[in-house]
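J.: Starting from these lines, generate the structure:
(2 chains)
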Amino acid sequence: NAGVTQTPKFRVLKTGQSMTLLCAQDMNHEYMYWYRQDPGMGLRLIHYSVGEGTTAKGEVPDGYNVSRLKKQNFLLGLESAAPSQTSVYFCASSFYRVRNNEQFFGPGTRLTVL
Amino acid sequence: AQSVTQLGSHVSVSEGALVLLRCNYSSSVPPYLFWYVQYPNQGLQLLLKYTSAATLVKGINGFEAEFKKSETSFHLTKPSAHMSDAAEYFCAVSGGRGAQKLVFGQGTRLTINP
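T.: Model (predicted):
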C-alpha cells in the first residue's frame, strides 16, 4: 500500500507558466483534498472532491483548478502561476464511511514561482 | 461553522520535561477532533483523534489529549519529552458525523532542548 502519493516533489516555475500536480491514492477513498501550507498559516483548503467527477471550492480556490476523472486521482492545476502561489502543497484523502473525516496525507510538493 | 485556535506558535521544552500544546475549538455541532504531527520535510501523520467515545484519548509515541467540552479544549500532552518529538503539531476539527472537511489550526512548532 503506497497510501497517498504526489508528483512532482519539487518544482520551480516562472511567473505565467502553467503546471499540474498529481495526487494518487490506493486506499479506495471517496474524498480527496488539496491544501497549501504557508508559514504561520497552517493548512488552507484549496479544493476538494467527494467523489469521481465532482469537485468543490475550499477556502482559497482562486488561481487553481482541479479535476477528478478517476476515483484514485485528483489533479491540481495552475493555469498562470504567480509568486503568491509559492507554497508547499499537500494532497489528502479520507474514507467517507468512517464518518469522522480522518484524513491521510501525501508527502507534499514544494513549488517555487519566480 | 468550525474553527481552531492553537495557543503559541512555538513551544520549547527540555528533554524529559512535560509537553503541553494547547488547542481550543469552536463548533456548532458535536465535533470530531484530531492532532496531526509533521516532521521536517514530510507530510502530516495522525497522532490521535477524539470521535465522541472516551474523553481521554491516547495516541502514538506516548501522546494523549483530553476533550473538555466545558472549556472547548483538546490540549495535547506528553509526560516526558524526547528529542525525536521535535516537529510541528496541528490541531484540527471536523463538523461532526458525515462532515466533508477539516479545519486546521495554525500549528505549533515544538523544540526540544537537550
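
J.: Now do the contacts for the residue most central in space within chain A.
T.: In chain A, the centroid-proximal residue (C-alpha atoms, centre = their mean) is A:Trp34; its distance is 2.7 Å. For A:Trp34, the contacting residues are A:21, A:23, A:45-48, A:58, A:64, A:66, A:74, A:76, A:89-91, by C-beta atoms under 8 Å, 6 or more residues apart in numbering or on different chains. Just so you know, the C-beta spots here come from the backbone N, C-alpha and C atoms, and that holds for glycine as well.

J.: at 6 Å what do you get?
T.: A:Trp34 sits next to A:Ile46, A:His47, A:Leu76, A:Cys91 when contact means C-beta atoms under 6 Å, 6 or more residues apart in numbering or on different chains.

J.: Sort out which of those residues are in strands and list them.
T.: Counting by DSSP state E, the contacts of A:Trp34 place A:Ile46, A:His47, A:Leu76, A:Cys91 in strands.

J.: Tell me the one of the residues you listed nearest B:Thr5?
T.: Nearest to B:Thr5, judged by C-beta to C-beta, of these is A:Ile46 at 22.0 Å.

J.: and the gap between B:Gln38 and B:Thr108?
T.: 11 Å (C-beta to C-beta, to the nearest Å).

J.: ok so, going back, mind giving me the ChimeraX command for buried ones among the ones in strands among the contacts of A:Trp34?
T.: Buried residues among those (16 or more other C-beta atoms under 10 Å in any protein chain shown), as a ChimeraX selection:
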select /A:46,47,76,91
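
J.: ok, so of the ones in strands among the contacts of A:Trp34, who is nearest chain B?
T.: A:Cys91 (8.7 Å; C-beta to the nearest C-beta).
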